[in-house]
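Visitor: Return atomic coordinates for the entry below.
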Amino acid sequence: MTIEEIIRAVQKAVGVDVDGKAGPDTWQAIYQKVVTPAAKKNAAAPEISLVDPRSEKNIATLLPQVQDLARALVLQAAASGINIKIISALRTYAEQNALYAQGRTTPGDKVTNAKGGESNHNFSIAFDVGVFEGSKYLADSPKYKAVGVLGEALGLEWGGNWKTIVDQPHFQLRPAWASTMTEKQMLKELRDRVANGVAIFS
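Guide: Now for the predicted structure:
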């Protein structure tokens, strides 16, 4: 049985369009119909994680719609022989400002052009991955590009395609309402929604 045939069988079982490609709809259906009921049944053991504990700790800070895709990316990478972990997710405005200061008013290289409120990390829709070989973290590896391809196939935006600061570890999920917006416009709307108590994915 080929991988495509397996994916088709799974898609049929979870009730999504059968196309042989494991995209966002397929992964969300798997988590909703298979993993979530199993977790509810086994409520006595909530500490059991779907991926590694470090990733799960960071995934927990993401919005539910992004959590499924972050786990899917870890699993997809593992299936491709690449060991990744989610090493960063939600950041407070203060944490974002501290990163922005790096290379400007504090020691280190510049790592972001975004101040607090200007990063998708501030709204629980973005996360960063790290590639590992055993327990060794690889800050630079061609494997990041392979993971980028996997992330885009899941419907995530990949920072490796950015023009100003290329950020290969970065992934984010753009809400449907922002599909025609610039990044700046989307971030303004995100700030407004949080300030007004409006759901980001609505």
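Visitor: Which helix or strand in the chain has the lowest average pLDDT?
Guide: helix 36-41 (a mean of 47; mean pLDDT, DSSP states H and E).
Visitor: Can you give me the buried ones in the helix or strand following that one?
Guide: The first helix or strand that comes after helix 36-41 along the chain, using DSSP states H and E, is helix 53-59. For helix 53-59, burial by neighbour count (16 or more other CB atoms under 10 Å) applies to 55, 56, 58, 59. All C-beta atoms are positioned from the backbone trio N, CA, C, and that covers glycine.
Visitor: Between which two of those is the distance greatest?
Guide: Using CB to CB, the two most remote members of these are 56 and 58, lying 7.4 Å apart.
Visitor: State the helix or strand in which the residue nearest the centre of the chain lies.
Guide: Among the residues of the chain, residue 70 comes closest to the average C-alpha position under CA atoms, centre = their mean, at 4.0 Å. Using DSSP H and E, residue 70 sits within helix 64-79.
Visitor: Tell me the spacing between residue 102 and residue 171.
Guide: Here the criterion is CB to CB, to the nearest Å. By it, residue 102 lies 21 Å from residue 171.
Visitor: more neighbours, these two?
Guide: Counting neighbours by other CB atoms under 10 Å for residue 102 and for residue 171 shows that residue 171 has the greater number, 28 against 14.
Visitor: the helices in this structure, which residues?
Guide: For the chain, helices defined by DSSP state H occupy the ranges 3-14, 24-30, 36-41, 53-59, 64-79, 93-101, 143-153, 183-196.
Visitor: Please export the C-alpha coordinates of the biggest strand by length in the chain as CSV.
Guide: For the chain, the strand that runs over the most residues, judged by DSSP state E, is strand 126-133. Backbone C-alpha positions of strand 126-133 (Å, rounded to 0.1, in the frame of the first residue of the first chain) are rendered in CSV as follows:
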residue,chain,number,x,y,z
ALA,A,126,2.8,31.6,15.2
PHE,A,127,5.6,29.3,16.3
ASP,A,128,9.2,28.5,15.7
VAL,A,129,10.8,25.1,15.2
GLY,A,130,14.2,23.8,15.9
VAL,A,131,15.9,21.0,14.0
PHE,A,132,17.7,18.4,16.2
GLU,A,133,20.1,15.6,15.7
